[in-house]
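Here is my input; please provide its structure:
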Amino acid sequence: MAGYLILGMHRSGTSCFAGCLEAGGLSLGPVNIHAPFNKKGNREHEPIRDVHDQMLTANEASWDRPPDNQIEIDPDHLNQLKFYVDQFGTDQDWGVKDPRSMFFAKSWQSYFGCEFLGTFRHPVEVAKSLESRAERTNKQMNREMALSLWKSYNTQLLELYRANPFPLVRYGIEPNLYLEQIRLVARQLNLNPDGASTFFTKTLTHQESMEALVPESCKNIWDELLCAWDACFKKDIKFA
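Have a look, this model is predicted:
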């Protein structure tokens, strides 16, 4: 059975993307289905996410202090991940969603043979969402920090995409268009495309800044993401 790594910056629709695909038949394992900032849960396999956190810490990094490059999974953490991946079984396609996986993606692909799926969102929307969450949890996050994180994660996303293009969806757009791109991906994965409609609701998106100007520091990355997204749905990018 095939495995998929769902990649994207925090607050960029990874939870929604994962939930839509899960509703279409993709196995995510025992994931979080309710969280304070995700009404339908962040759809994360918490033990796998904890291993990712451990790997970041071991490399003097964290989700909000990301590394500059891909990190190789060390043997101890690899054995832990293998234990959880083995639990998915061999009778169903499976997926893992955790934004932290962006920095281990090459190792995940090398060791587990998984393919990539990506999602991205307007940098101002992401920044506003991060700031709102930080304010409600008494954490530190300002616009400069948020945009810097957006750049770090999406730089890695583009590097992976350039090496071998994969389906890339955009979050925060008109709902019907969003659902149509998810259905297209679901069909490519031989999942039920109607599952997306049962999971997605417009209320899942809280920050809407479609008309906001893209900050100059993010513009080159944003423009390339838009080009990649456009290519995905004009050329119907499939897996190798």
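
so Ala23 touches Thr198, yeah?
Yes: using Cβ atoms under 8 Å, Ala23 is in contact with Thr198, at 5.1 Å. C-beta here means a position set from N, CA and C on the backbone, and glycine is covered the same way.

These two: which is more packed in?
Ala23 (20 against 12; other Cβ atoms under 10 Å).

who are the neighbours in contact with the more buried one?
Contact analysis of Ala23 by Cβ atoms under 8 Å, 6 or more residues apart in numbering lists Asn192, Gly195, Ala196, Thr198, Phe199.

Packing partners of the longest strand along the chain?
In the chain, assigned by DSSP state E, the strand with the most residues is strand 115-121. Judged by 3 or more Cβ pairs under 8 Å, 6 or more residues apart in numbering; DSSP states H and E, strand 115-121 is in contact with strand 3-7, helix 14-23, helix 105-112, helix 143-163, strand 168-171.

Serialize those to a markdown table and add fields for mean pLDDT and distance to Ala134.
Formatted as a markdown table, the helices and strands packed on strand 115-121 follow (pLDDT from 0 to 100; distance: least, Cβ to Cβ, whole Å):
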| stretch | mean pLDDT | distance to Ala134 |
| --- | --- | --- |
| strand 3-7 | 98 | 23 |
| helix 14-23 | 95 | 18 |
| helix 105-112 | 98 | 26 |
| helix 143-163 | 97 | 8 |
| strand 168-171 | 96 | 20 |
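
Mind checking the ones you listed for the one nearest to Gly95?
strand 3-7 (4.3 Å; Cβ to Cβ).

Could you list the low-pLDDT ranges of the chain?
For the chain, residues meeting the criterion pLDDT under 70 lie at 32-39, 41, 202-211, 235-240.
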